[in-house]
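Visitor: any chance you could fold what I've pasted below:
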Amino acid sequence: MKKWSIFLVFILVILLISIKAYLDTTEFKVNRVQFHSDKLPENVEFTVLQISDLHNKVFGHDNQELIETVNQSNADIVVMTGDIIDRKTDDFQDVFTLVEGITDSGQDVFFVTGNHEQDHDNMEEFLDGLRERNVTVLDNRNTQVRVEGVTVNLAGVADSSTDHEDIERAFAGLQPESYTILLSHSPGIMGKYRNIPADLILSGHTHGGQVRLPFIGPIVAPEQGLFPEFDQGVFETGRNQYLYIDSGLGTSVAPIRFLNKSQLSLITITGSD
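Guide: Numbering: from 1, shown residues only. I've put the predicted structure just below:
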């Protein structure tokens, strides 16, 4: 009787873990984060919707579930921080449908490549498809956007984990007194350069560890190996300077997430005294 009880408990635990993993992998949430900056007037507030590490995953028929969530956020800017496709993706239509659903609603969308785009044999075809759908590709480039009556610098680097970044070009000509956001797929850029002139760096790449364990956290992340320090969330990099790592929507290597629900992030930036 005791053996049967142990066996039933074991089966129940496996079942619960499987259900949790399924839900974390197939459903998504909107993670909300807030930053303050004295570079912005006190009454100014704007939002950035970050999509990262989709890996060609589809949420709802023709990605409608994801499209509706993005559009309902009413973000001032939408950014895609790489690995939107997988290096093995052979049909870009799912992602193209996604970006069409966002840009057709009037959203401004900006994109930088991740390692999976850089490793893809048809990367230029993919990037051309994004541009045709009014997505601004910011690989080693920058632009300025007007939000809430103020100018915000938006810079981007091509994937630094595959050594395609050019950080000098990314920041060329930008005025440092304006609030500056850097899009960098890999947070590892922090280890390659000192004194990056950005108030906020938005990254992905880690998947938040993809699989996390109770009391331990993430098991492994790209470039960091076992038990990574920079897994997900907010990290202070300097005085009023921050790195934010989004844990992303998709999966890589193993098609599973656990204790790490798929997500996109709605980032609010406000002025402070």
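Visitor: quick one, helices of the stretch 101-250 of the chain?
Guide: Secondary structure of the stretch 101-250 of the chain (DSSP state H, counting those that start in this stretch): helices at 115-118, 123-132, 167-171, 189-192.
Visitor: so which of those comes closest to H205?
Guide: helix 115-118 (7.4 Å; CB to CB). (C-beta placed from N, C-alpha, C; glycine too.)
Visitor: hmm, who's touching the closest one?
Guide: Residues outside helix 115-118 that contact it (CB atoms under 8 Å, 6 or more residues apart in numbering): 55, 82-87, 123, 126-127, 158-159, 161-162, 164, 185-186, 205, 222, 252.
Visitor: just to revisit the earlier point, out of the helices of the stretch 101-250 of the chain, which is the most enclosed?
Guide: Sort those by mean neighbour count, taking mean count of other CB atoms under 10 Å, and helix 115-118 sits at the top with a mean of 24.
Visitor: quick one: average pLDDT of that helix?
Guide: Averaged over helix 115-118, pLDDT sits at 98.
Visitor: circling back: show me which of the contacts of helix 115-118 are buried.
Guide: Among the contacts of helix 115-118, the ones that count as buried by 16 or more other CB atoms under 10 Å are 55, 82-87, 126-127, 158-159, 161-162, 164, 185-186, 205, 222, 252.
Visitor: so who does the residue nearest the centre of the chain touch?
Guide: In the chain, the centroid-proximal residue (CA atoms, centre = their mean) is S52; its distance is 2.9 Å. When contacts are counted by CB under 8 Å, 6+ apart, S52 touches 80-83, 114, 185, 203-205, 246, 248-249, 264-265.
Visitor: closest to P214 among these?
Guide: Closest approach between those and P214, by CB to CB: G248, at 21.0 Å.
Visitor: let's verify the nearest residue to that closest one once chain neighbours are set aside: helix, strand, or coil?
Guide: Among residues not flanking G248 along the chain, D53 sits closest, at 2.9 Å (CB to CB, 6 or more residues apart in numbering). Assigned with DSSP: H, G, I helix; E, B strand; the rest coil, D53 falls in the coil class.
Visitor: how many residues are close by D53?
Guide: 30 (other CB atoms under 10 Å).
Visitor: how about V44?
Guide: V44 is flanked by 18 other residues according to other CB under 10 Å.
Visitor: just to revisit the earlier point, looking at the contacts of S52, which are in strands?
Guide: Among the contacts of S52, the ones falling in strands (DSSP state E) are 80, 203, 264-265.
Visitor: below-threshold pLDDT in the stretch 51-200 of the chain: ranges please.
Guide: Counting by pLDDT under 70, the stretch 51-200 of the chain contains no low-confidence range.
Visitor: for S247, which non-adjacent residue is spatially closest?
Guide: Distances taken as CB to CB, 6+ apart place G208 nearest to S247, at 2.8 Å, with adjacent residues excluded.
Visitor: neighbours around the one you found, how many?
Guide: By other CB under 10 Å, neighbour count at G208 equals 25.
Visitor: oh, and call the first residue 26 from now on, that's how I've got it
Guide: Sounds good: first residue 26 from here, last item G233.
Visitor: tell me how far it lies from R282.
Guide: Note on G233: its distance to R282, by CB to CB, to the nearest Å, is 8 Å.
Visitor: which elements pack onto the longest helix seen in the chain?
Guide: For the chain, the helix with the greatest residue count under DSSP state H is helix 27-51. Helix 27-51 is packed against strand 287-296, with contacts defined by 3 or more CB pairs under 8 Å, 6 or more residues apart in numbering; DSSP states H and E.
Visitor: so what strands line up beside the strand it packs on?
Guide: Strand pairing for strand 287-296, determined by DSSP bridges: strand 53-62 (parallel), strand 70-76 (antiparallel).
Visitor: list the contacts of R282.
Guide: Contact analysis of R282 by CB under 8 Å, 6+ apart lists 46, 49-50, 232, 235-236, 276.
Visitor: how about 7 Å then?
Guide: R282 makes contact with 46, 49-50, 235-236, 276 under the criterion CB atoms under 7 Å, 6 or more residues apart in numbering.
Visitor: who wins on neighbours among those?
Guide: Most surrounded of these: other CB under 10 Å gives Q235, at 27 neighbours.
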